[in-house]
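Chemist: could you look at this predicted model? Sequence included:
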Amino acid sequence: MSSTVAGRVYLVGAGPGDPELLTRKAASLLEHADLIVHDDLVTQPILALAGPRTLVVNVGKRCGKKQVTQSAINSMMIDCARKGLSVVRLKSGDPLIFGRAGEEIEALTAAGIKFEIVPGITAGLAAAAAAGISLSDRRRASRVVFATGHLAEDDYDSEYWNGIARHDTTLVIYMPGPDYRTLAAQLIKAGLPRDTPCLVISRASLPGQFEERVKLAALSEIRVHPPALLIIGEVARFDRSATELHHSLTSHSDSEGIRAENL
Ligand SMILES: C[S@@+](CC[C@H](N)C(=O)[O-])C[C@H]1O[C@@H](n2cnc3c(N)ncnc32)[C@H](O)[C@@H]1O
């Protein structure tokens, strides 16, 4: 089992939330770290793996708490590593996917702090597994694009989807909400047919996991609780037989369920 090295920072992926989807290396680092600095989406069952002497600090940006700036997070990691502590910087999913790891790697490098990266299962892959679909099914898609919908509210992004919104592409859209109407309009404007299949999945791998399938033109009718992401493209077309046979890791008996009547 991996123990930690004093004065080192570990950028660790916590996966989508289910502790059984954590890597063994991540679990071991959580147990042995002096300090865990985590984001809001990291779940309690994962934080419960921290060792008895580990200090756990939430630097998340939700729940109405005062936002901890990226520069304050960088300083905390650097100062603690310099004091000889082993620091786990714990991020949901994979640290290298929409996780601001780039800024942290840059800050650690500039400060001369040794670091390691431990991958995790990113939410897009957990969502695909939960829904039982192959993102790169060669009969339906030749490209998979991980994109953020975060820009959708900004003015300058009217060109953002051009070139990536294509019929042979599976779009996995992180941080899609809450304005699904604008997002759908932009994707249609960029060239996607109005009846392109969309899968919205919230709380992938967690109790309360919820999936809904709709056509792109009806995306604005969807109401889901965050965290949620979208999988858009032919691979998301509803297949009743496969859905009935597929059993996701989070049993549907403890999830809110699946809705597909719109497709
Ligand atoms: C800041 S990004 C972090 C992504 C993370 N690094 C990853 O690799 O999954 C947060 C977004 O990830 C998605 N997300 C994270 N966990 C999720 C989950 N369990 N179910 C659905 N979407 C999730 C949501 O789109 C959420 O807004």
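Modeler: Right, received. Where do you want to start? Numbers count the residues shown, from 1 in each chain.

Chemist: ok, the residue lying closest to Ala217 once chain neighbours are set aside to Ala185 distance?
Modeler: Nearest residue to Ala217, sequence neighbours excluded (CB to CB, 6 or more residues apart in numbering): Arg194, at 3.9 Å. Any C-beta I mention is one placed from the backbone N, CA and C, and that applies to glycine too. Separation of Arg194 from Ala185 (CB to CB, to the nearest Å) stands at 10 Å.

Chemist: give me the more crowded residue out of those two.
Modeler: Ala185 (16 against 11; other CB atoms under 10 Å).

Chemist: which stretch of helix or strand covers the more buried one?
Modeler: helix 180-189 (DSSP states H and E).

Chemist: get me the contact residues on the stretch 51-200 of the chain for the ligand.
Modeler: Counting by CB under 6 Å from any ligand atom, the stretch 51-200 of the chain comes close to the ligand at Lys91, Ser92, Gly93, Asp94, Ile97, Phe98, Gly99, Thr122, Ala123, Ala127, Tyr174, Met175.

Chemist: try 8 Å this time
Modeler: Residues of the stretch 51-200 of the chain lying close to the ligand by CB under 8 Å from any ligand atom are 91-100, 120-124, 126-127, 148-149, 173-177.

Chemist: among the residues you listed, name the ones in helices.
Modeler: Using DSSP state H, Ala123, Gly124, Ala126, Ala127 are the members of these that sit in helices.

Chemist: how near is the third one to Thr69?
Modeler: Spelled out, it's Ala126. Counting by CB to CB, the gap from Ala126 to Thr69 is 29 Å.

Chemist: so between these two, which is more surrounded?
Modeler: Using other CB under 10 Å as the criterion, Ala126 and Thr69 rank with Ala126 on top: 26 against 11.

Chemist: per-residue confidence at that one?
Modeler: For Ala126, the model assigns a pLDDT of 97.

Chemist: which residue ranges form the helices in the protein?
Modeler: Under DSSP H, the chain gives helices at 24-32, 44-47, 70-82, 101-111, 123-131, 180-189, 240-245.

Chemist: mind putting those helices in JSON lines, distance to Lys215 included?
Modeler: Output for the helices of the chain, formatted as JSON lines (distance: least, CB to CB, whole Å):
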{"stretch": "helix 24-32", "distance to Lys215": "38"}
{"stretch": "helix 44-47", "distance to Lys215": "36"}
{"stretch": "helix 70-82", "distance to Lys215": "38"}
{"stretch": "helix 101-111", "distance to Lys215": "35"}
{"stretch": "helix 123-131", "distance to Lys215": "16"}
{"stretch": "helix 180-189", "distance to Lys215": "9"}
{"stretch": "helix 240-245", "distance to Lys215": "16"}
